[in-house]
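In: Structure for the following, please:
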Amino acid sequence: MDAEEIDLSDEEEEITAETVLKTLQSSWQNERLSPEILPHRNDMVECMLGQIQHMERNINKLPKTDLRASIHKMELNRIKYIICNYLKTRLDKIEKYCITIVNEEKQRIESGTNYLTTSEYRYAQEYLLNMEQHLKQTVLNSVPSNMQTFETNKMAIMPNLQSHVFLKANETVNGIVLEDLFGDQDEEIDLEEGSQHILQYKFIADLVKNGKVQLV
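Out: Presented below is the predicted three-dimensional model:
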């Protein structure tokens with residue numbers, strides 16, 4: 001394959017990767033900044049992993065002294081970091097809010113609106129089971145029998161949906177209702193495309209999930 005064909009292949013790869021990577025970066029940023037776990041984007045992860053393999057094959061065809069090889073390798077390392085950190089962030093949330101996430105995911109599976117991948121859901125169930133067994137062995141077995149009842153839901157940690165987040169509107173959104181904490185009078189606001197705001201997460205949670213706003 002001559003240099004011209006390599007350049008053309010690289011250009012096509014960069015265009016494809018750019019589209020996928022932009023979506024994955026947005027999902028990664030939202031996942032890191034949102035208090036709750038978001039619907040998985042495993043489709044983007046799998047697609048990007050496939051692109052990485054293809055790009056690595058193209059890099060290996062270049063001479064080791066070719067500057068393009070070094071530049072592309074640095075970019076690949078950056079992409080790999082985004083993917084790894086995205087998955088790690090989700091696992092951290094699963095471990096922290098395990099009971100809540102498992103309970104909510106059971107309901108989502110029934111309605112076909114899963115937030116977790118099959119592997120994540122299996123990991124969450126195994127983590128919860130191991131946590132229960134550990135507590136029984138280290139604590140409950142050492143107390144009187146009438147105190148050995150393990151009530152999982154009482155141990156559940158809930159993500160703080162009332163925490164404030166920074167966001168940028170990807171498009172104009174009208175009629176967002178901000179509930180008054182004291183129940184006196186709700187406020188309704190509009191988000192103009194490109195505008196930035198600080199709001200409680202619970203009021204814009206659905207907008208994050210459908211891509212109308214981006215956490216920043």
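In: low pLDDT regions in this structure?
Out: 1-17, 140-141, 143, 145-150, 181-184 (pLDDT under 70).
In: Return the residues in contact with the residue at the greatest distance from the centre of the chain.
Out: Residue farthest from the centre of the chain, counting by CA atoms, centre = their mean, is P144 at 42.3 Å. P144 is in contact with no residue at all, counting by CB atoms under 8 Å, 6 or more residues apart in numbering. Backbone N, C-alpha and C define where each C-beta goes, glycine included.
In: what's the spacing between it and K136?
Out: 14 Å (CB to CB, to the nearest Å).
In: what helix or strand does the residue nearest the centre of the chain sit in?
Out: The chain has E31 as the residue nearest its centroid, 3.6 Å off, counting by CA atoms, centre = their mean. Assigned by DSSP states H and E, E31 belongs to helix 3-33.
In: Just the buried positions in the helix or strand that comes right after that helix, please.
Out: Next helix or strand after helix 3-33 toward the C-terminus (DSSP H and E): helix 42-60. Across helix 42-60, burial judged by 16 or more other CB atoms under 10 Å covers 44-45, 47-48, 51, 55, 58-59.
In: which other helices and strands contact the following helix or strand past helix 42-60?
Out: Once the chain leaves helix 42-60, the next helix or strand it forms, by DSSP H and E, is helix 67-96. With contacts taken as 3 or more CB pairs under 8 Å, 6 or more residues apart in numbering; DSSP states H and E, helix 67-96 sits against helix 3-33, helix 42-60, helix 118-138.
In: what do you get if the cut-off is 6 Å, keeping everything else the same?
Out: Counting contacts by 3 or more CB pairs under 6 Å, 6 or more residues apart in numbering; DSSP states H and E, helix 67-96 is packed against helix 3-33, helix 42-60.
In: Tabulate these (TSV), appending distance to M74.
Out: Compiled in TSV, these are given as follows (distance: least, CB to CB, whole Å):
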stretch	distance to M74
helix 3-33	14
helix 42-60	11
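In: Indicate which one of the ones you listed is closest to F166.
Out: For F166, the closest of the helices and strands packed on helix 67-96 is helix 3-33, at 7.6 Å, according to CB to CB.
In: Let me see the domain layout of the chain.
Out: The chain breaks down by automatic domain parsing into domains covering 3-95, 99-155, 164-215.
In: circling back: closest to F203 out of the helices and strands packed on helix 67-96?
Out: helix 3-33 (15.1 Å).
In: Return stretch 47-61 as CSV; C-alpha atoms alone will do.
Out: The C-alpha coordinates for stretch 47-61 follow below in CSV (Å, rounded to 0.1, in the frame of the first residue of the first chain):
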residue,chain,number,x,y,z
CYS,A,47,-17.9,0.9,18.2
MET,A,48,-14.9,2.9,19.5
LEU,A,49,-13.0,-0.3,20.5
GLY,A,50,-13.5,-1.5,17.0
GLN,A,51,-12.2,1.8,15.6
ILE,A,52,-9.2,1.5,17.9
GLN,A,53,-8.3,-1.9,16.5
HIS,A,54,-8.6,-0.7,13.0
MET,A,55,-6.5,2.4,13.7
GLU,A,56,-3.8,0.3,15.4
ARG,A,57,-3.5,-1.8,12.3
ASN,A,58,-3.1,1.3,10.2
ILE,A,59,-0.4,2.6,12.6
ASN,A,60,1.5,-0.6,12.5
LYS,A,61,1.8,-0.3,8.7
